[in-house]
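Enquirer: Here is my input, please return the structure:
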Amino acid sequence: MTTPTLTNPAITAAICALEHRAWAALCKSGTDLLPLLSSNPVMIFPGDFLLTAVSSPSVHEMLQGPEFKPWQSYSLSHDEVIPLGKDSAIIYYRVSATRSDETFKAICSSVWTMDGADSHGVTGGWKMTSHQQTLM
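Expert: As a prediction, the model looks like this:
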């Protein structure tokens, strides 16, 4: 019996690049993240904070609202990608991000899915469907 392979180099490279694009977007504005999100993303943050397309506030409202504060810098480490079939994958990693005098350290995971179209009219490509952060 052969041992199953958990990694796929092409998917790993694509998902790692997308996760970096997501954090780079969060260093600019919340709006910059929107094209990377699926039409119904789920985001779970520390402090009992859950955002979806239909939550109040919604993930879109939060990213575009005055409460959103961009990060100044970030660094990802210990990242691993596991395919969840041919059209989805999960990435998990440690992040250290800073803004003003705040340093944020967490273990994160994101699920990316090959999507047909999103709410912004962007068709095809990988979209973030879920993101979760656990403080370290």
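
Enquirer: Would you mark the buried spots in the longest helix along the chain?
Expert: Assignment by DSSP state H gives helix 9-26 as the longest helix of the chain. Neighbour-count burial for helix 9-26, counted by 16 or more other CB atoms under 10 Å, picks out 11-12, 14-16, 18-19, 21-23, 25-26. Glycine gets a C-beta too; all of them are placed from N, C-alpha and C.

Enquirer: That one packs against which elements?
Expert: Helices and strands touching helix 9-26, as assessed by 3 or more CB pairs under 8 Å, 6 or more residues apart in numbering; DSSP states H and E, comprise strand 73-83, strand 88-99, strand 102-114, strand 126-135.

Enquirer: Nearest to residue 53, out of those strands?
Expert: Closest to residue 53 of the helices and strands packed on helix 9-26, according to CB to CB: strand 126-135, at 10.8 Å.

Enquirer: for the protein, which spans come out with low pLDDT?
Expert: 1-6, 116-124 (pLDDT under 70).
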